[in-house]
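Colleague: please work out how this folds:
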Amino acid sequence: VDMERVMKGVDPAQKGRYTDGFECDGKKIPLSKVNDDYCDCADGKDEPGTSACENGRFFCLKAPSSPPLPSSRVKDGICDCCDGSDEWDTPELQCPDTCAGALAGGSGKRGGSTSIY
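Modeller: Residues are numbered from 1 along each chain as shown. Modelled structure (predicted):
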C-alpha cells in the first residue's frame, strides 16, 4: 500500500486511524480502499484526498490548521492549498508554493479571494 497516497488530505488529528486498515460505518476496510476514488464511508473520511465523497474534507499539507477544503475542490485543476497539495494527482498542473506569503497574510487566491489553505 502506498502510504503517501493514503495519507493525502488526512486530518492531522486523525492520522492514527489510517495505520492498519481503516474503520468506518462499523466495518474495517483495507488501506488500499482509502483515496481510491470510491466513497466507502458515509462520513467521507476514507476519501480525504479525492472528490469521491460529497461530504469529504481535505486538509492541506503545509497549512493543516486552516479550515479543510470541501472535497469538491480536490483535483479540480485549481490550486486551493498554498502548497498545491489539493492537486496532488494532477501532474499537468504546476502549483507554486505560496505558503510563506499566504500564511503571513499575502496571496493564495481562488476566484479573487485570499486563501491561506
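Colleague: neighbours of residue 38, how many?
Modeller: 11 (other C-beta atoms under 10 Å). Using the backbone N, CA and C atoms, a C-beta is placed for each residue, glycine as well.
Colleague: hmm, residue 52 and it touching each other?
Modeller: Yes - counting by C-beta atoms under 8 Å, residue 52 is a contact partner of residue 38 at 5.7 Å.
Colleague: which stretches of the chain aren't confidently modelled?
Modeller: Along the chain, the model assigns pLDDT under 70 to residues 102-117.
Colleague: so which residues of this protein form strands?
Modeller: Applying DSSP state E to the chain gives strands spanning 22-24, 27-29, 57-58, 69-70, 109-110, 113-114.
Colleague: run me through the strand neighbours of the fourth one, direction for each.
Modeller: Sheet pairing here is set by DSSP bridges, and for strand 69-70 it gives strand 57-58 (antiparallel).
Colleague: what sits up against the partner strand?
Modeller: 9, 11, 44, 48-49, 68-71, 73-74, 81, 86 (C-beta atoms under 8 Å, 6 or more residues apart in numbering).
Colleague: and it, how far out from the chain's middle?
Modeller: 5 Å (C-alpha atoms, centre = their mean, to the nearest Å).
Colleague: go on, stretch 34-52?
Modeller: With C-alpha atoms, centre = their mean, you get 10 Å for stretch 34-52.
Colleague: that concludes my questions; thank you for your assistance.
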